[in-house]
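**Student:** coordinates only, sequence not included:
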């Protein structure tokens, strides 16, 4: 392998440029000079901020490195460059290069400049997220946040999940690696504006990827970001607000576009290793990027290999035991898990005796002991069983990304890009448990039985099986093997005077094999209780002969293996799309400038196949329940965009799109539109605004979810009103009854719809200073949510009692969703997904950047950005009052604000960055107040040791901050694990070596 890599590197070095380019750019407007620089240096130039046409460049001549040549071009102007990588530079308003710094540049060859200037040229236009019309400026009518490859490295982000966590607009209360009992274990989502991860559209290079083949929270579809290779990202563009008029369904709260590196500056080998101060979660990452070009062919490829060890709860002292429960100091008898328990008919513990527990004390690595639990009694339990859980997954992954373009002629290119990833993740949830149930059904609650060995009615529990019985932790880990593939290929080029076209075929798929250790309920019951001896005539309970020694004798690993097995799911999602798009940045000319136009037509299909182990559907496994969802749909759509310069300072944009989905015998269609305005009263000020409509077609997971069930309960309003109408519900015999909760999907769902408004400004009052702020409002209507069983029981009672028309559709549905036995008792309630909820949110995004360049001490780059949520209200059902999620502290554990800031110092070959993230206070566990804000800091250091060798050091969580805790948080791990990480301080060392390219 090493020999192969070295040979590739040597080949790239032989083909790579010398590092200096012979520039010949005469004095002219800065805009046209940058175009010529882009052509001669083979560097993509992006611009942001004021109009470049009014600026003049002195030009440059001589053999120089591209960075030095660009500095020469910008001398005396109010602009400054920022390279995102060797092939891309962003030119922004900023301080002119100091005279001392210019004097330090190597001398240039004094070739005579041409006497006549070339006519001005427009700056190279690129497609920016949120529009299909190429433009020469990043800033447009809707705000876009850009995270560059340099930002990723300098701010200490190791994974894409780190990048997404840093976004102030990512405000959802999301599952992460610490949530090990979820429906999509190991995957991670993004939730812009807190409207749910299914309302954020994820793109790679402007193209969709396949959904994760499991549903988020057991309900909606979403996109997993864990398999996107962070080291191959050129930049991330984040557009917030509805973008359905450009991209179709899903883009209600925004779009996140991961733009991968398109050019390889020579061959680069990068190795990064990291470890945490307190142990666990050590990682290694190796990346190779390279490519080659000639007159007809351009290519780039990259390989990333990643390995990460798990973080175990026992590796953090405050997570290793239940003694860290805030209640333990005042009530230490309440919190230990009952590892071995026998209860009587009234659920009081039957005392096993000190001697029995002493014999078991070696289990769970010596933590089982004789304990007392208030209101229950004595038992054999462990305070440290919670330590056997992962707080971050073990992960081994390999990612490949490659792109190639073949130039048939000056008007036609063939292109293809492919991304493949394989990821193996291992997670440990909790130790498996068992309770005797009758009938044998993992959904049932413990049921008393008559023990003929003791002559008593009893209930048995093993909560939980110990480390030693498992045979170690490795055998009981959840394993996810995830393989993703994304392929895009087609032709693109030009025709006519100024038309561009692209014909594209894209295919994306995600294949997942998920293996969950599961306890077979029937086998465990047979092992502990033996065969049924019939029904006891006195108690009416099932009879078993079960000596106590059978429960209080630990299992050998072989015995434990005999009652457990892997529950294996084989899940798959797929998406294919055919599209044709055209654009013309000069459709025709108006007095203020050319009109831009773009159009697209698409056709595709989508498949979602959640295919679990059949035994996980019928209760055969204790405590493990799943659902099936298999379905597909086809999609067609067409859209257009216009950009119209009304006069020199004012530009209007408009977009419209029609989409149609077909599934089963149903269809869902929607026309959406967007309007935008850009007004530049002066060169340094942009006033902007946008209004757009959006939609989301019904999720395949919602449409095709199969039957699922779990233990549930509620109030039987009908029987209370009919048989005990003179009593309050609290005193009614049917005020609190148990029943099975049932659910399944519905193909009768409608589109979710949205309206989005934003307005704000971008201002550059001083050289090097940029300020922007935008206010946003999003209203989401017809949001899909599962019905509330309590509401169904209320409707059923009102219908049966004649308070509602029993023949109405509402009554017929409610009555048919409540199942009763012959005695009239509720046995189950069915809930279905419906279009019911309305969600409204508003707030302010802001960013400030100041670049300060000094003559003696290098440059200082200051950045500050954040989001403040003004309103966030939800109405779950029509007619219900709106709930303010920002003041309902008990049900919604979300912050009101997020912010981040950084300062970067560049001095010669040395660079260092201090990055800070602020999370606004989240509610405490009791839900009666907000806790204070928390801060987290990262620091990075980089040094160009030689012209082709770079060394980097990053410290994440610089001050070793622990998760935010409060005395009311009595649920393990005693903090809000969706918002805080237990990793602690971590150190990463990075070595990057480049062969060939502009650096050597």
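**Tutor:** It's in. Keep in mind the model is a prediction, meaning the values are calculated, not measured.
**Student:** in a strand, residue 231, correct?
**Tutor:** No - counting by DSSP: H, G, I helix; E, B strand; the rest coil, residue 231 falls outside a strand, being helix.
**Student:** for it, what are its contacts?
**Tutor:** 270, 285, 287, 302, 304 (C-beta atoms under 8 Å, 6 or more residues apart in numbering). In this view, the C-beta of every residue, glycine as well, is placed from N, C-alpha and C.
**Student:** surely the third one and residue 302 touch.
**Tutor:** Yes - the pair residue 287 and residue 302 passes the contact test of C-beta atoms under 8 Å, sitting 6.6 Å apart.
**Student:** so what sits against both of the two?
**Tutor:** Common contact partners of residue 287 and residue 302 (C-beta under 8 Å, 6+ apart): 229, 231, 232.
**Student:** now those as CSV including pLDDT and distance to residue 740?
**Tutor:** Converted to CSV, the shared contacts of residue 287 and residue 302 look like this (pLDDT from 0 to 100; distance: C-beta to C-beta, whole Å):
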residue, pLDDT, distance to residue 740
229, 93, 44
231, 91, 48
232, 92, 48
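**Student:** now do the buried residues in stretch 527-537.
**Tutor:** For stretch 527-537, a neighbour-count test (16 or more other C-beta atoms under 10 Å) marks 527, 528, 529, 536 as buried.
**Student:** give me the subset of the residues you listed that lies in helices.
**Tutor:** 527, 528, 529 (DSSP state H).
**Student:** nearest residue to the last one in space, please, no chain neighbours.
**Tutor:** Closest residue in space to residue 529, ignoring its immediate chain neighbours: residue 544 at 4.1 Å, by C-beta to C-beta, 6 or more residues apart in numbering.
**Student:** could you give the bridge partners of the one you found?
**Tutor:** Taking DSSP bridges as the rule, residue 544 bridges to residue 451.
**Student:** what number of residues lie near residue 233?
**Tutor:** If you count neighbours by other C-beta atoms under 10 Å, residue 233 ends up with 23.
**Student:** name whatever forms a beta bridge with it.
**Tutor:** According to DSSP bridges, the residues that bridge with residue 233 are residue 260.
**Student:** just the helices in the stretch 551-700 of the chain please.
**Tutor:** Here the stretch 551-700 of the chain has its helices, by DSSP state H, counting those that start in this stretch, at 557-562, 700-704.
**Student:** just name the most buried of those.
**Tutor:** Highest mean neighbour count of the helices of the stretch 551-700 of the chain: helix 700-704, a mean of 26 (counted as mean count of other C-beta atoms under 10 Å).
**Student:** pLDDT of that one, averaged?
**Tutor:** On average, the pLDDT along helix 700-704 is 94.
**Student:** next, work out how far apart residue 391 and residue 811 are.
**Tutor:** 49 Å (C-beta to C-beta, to the nearest Å).
**Student:** pick out whichever of those two has more residues nearby.
**Tutor:** Taking other C-beta under 10 Å, residue 391 and residue 811 do not tie; residue 391 has more neighbours (25 against 18).
**Student:** quick one on the thing from earlier: in a markdown table, list the ones in helices among the buried residues of stretch 527-537 along with distance to residue 164 and pLDDT.
**Tutor:** Formatted as a markdown table, these follow (distance: C-beta to C-beta, whole Å; pLDDT from 0 to 100):
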| residue | distance to residue 164 | pLDDT |
| --- | --- | --- |
| 527 | 46 | 96 |
| 528 | 46 | 95 |
| 529 | 49 | 95 |
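**Student:** which of the buried residues of stretch 527-537 sit farthest apart?
**Tutor:** With C-beta to C-beta as the measure, no two of those lie farther apart than 527 and 536, at 21.5 Å.
**Student:** which strands and helices lie in contact with the helix or strand in which residue 369 is found?
**Tutor:** Per DSSP states H and E: residue 369 is located in strand 368-373. Applying 3 or more C-beta pairs under 8 Å, 6 or more residues apart in numbering; DSSP states H and E, one finds that strand 368-373 contacts strand 337-344, helix 354-359, strand 377-382.
**Student:** mind listing what's buried along it?
**Tutor:** For strand 368-373, the neighbour count (16+ other C-beta under 10 Å) marks 368, 369, 370, 371, 373 as buried.
**Student:** how far off centre is it?
**Tutor:** 41 Å (C-alpha atoms, centre = their mean, to the nearest Å).
**Student:** about what we covered before: and the helices and strands packed on strand 368-373: which comes nearest residue 690?
**Tutor:** Residue 690 lies closest, by C-beta to C-beta, to one member of these: strand 337-344, at 53.7 Å.
**Student:** any buried residues in the closest one, and which?
**Tutor:** 337, 338, 339, 340, 341, 342, 343.
**Student:** next: stretch 769-782.
**Tutor:** By neighbour count on 16+ other C-beta under 10 Å, the buried set for stretch 769-782 is 769-772, 774-782.
**Student:** re earlier: for residue 563, find the nearest of the helices and strands packed on strand 368-373.
**Tutor:** Closest of the helices and strands packed on strand 368-373 to residue 563 is strand 337-344, at 16.0 Å (criterion: C-beta to C-beta).
**Student:** centre of the chain to the closest one, how far?
**Tutor:** Put simply, strand 337-344 sits 40 Å off its chain's centre (C-alpha atoms, centre = their mean).
**Student:** helices or strands next to that strand in the packing?
**Tutor:** With contacts defined as 3+ C-beta pairs under 8 Å, 6+ apart, strand 337-344 has these neighbours: strand 368-373, strand 377-382, strand 456-462, helix 548-551.
**Student:** report all helices and strands that the helix or strand harbouring residue 395 contacts.
**Tutor:** For residue 395, the element it lies in under DSSP H and E is strand 394-409. If you count contacts as 3+ C-beta pairs under 8 Å, 6+ apart, strand 394-409 packs onto strand 297-308, strand 412-427.
**Student:** residue 428 versus the nearest residue to residue 319 once chain neighbours are set aside, what's the distance?
**Tutor:** Take residue 319 and drop its neighbours on the chain: the residue closest to it by C-beta to C-beta, 6+ apart is residue 313, 4.2 Å away. From residue 313 over to residue 428 the distance is 9 Å, taken as C-beta to C-beta.
**Student:** ok, residue 882 next?
**Tutor:** As judged by C-beta to C-beta, residue 882 and residue 428 stand 41 Å apart.
**Student:** comparing the two, which residue is more hemmed in?
**Tutor:** residue 428 (22 against 13).
**Student:** the more buried one against residue 387, yeah?
**Tutor:** No - between residue 428 and residue 387 there is no contact under C-beta under 8 Å: 10.4 Å.
**Student:** overlap in contacts of the two?
**Tutor:** Joint contacts of residue 428 and residue 387 (C-beta under 8 Å, 6+ apart) are residue 312.
**Student:** ok, residue 482 touching residue 186?
**Tutor:** Yes - with contacts counted by C-beta under 8 Å, residue 482 reaches residue 186, the gap being 7.4 Å.
**Student:** these two: which has the busier surroundings?
**Tutor:** Neighbour tally, residue 482 and residue 186, criterion other C-beta under 10 Å: the higher count belongs to residue 186, 27 against 23.
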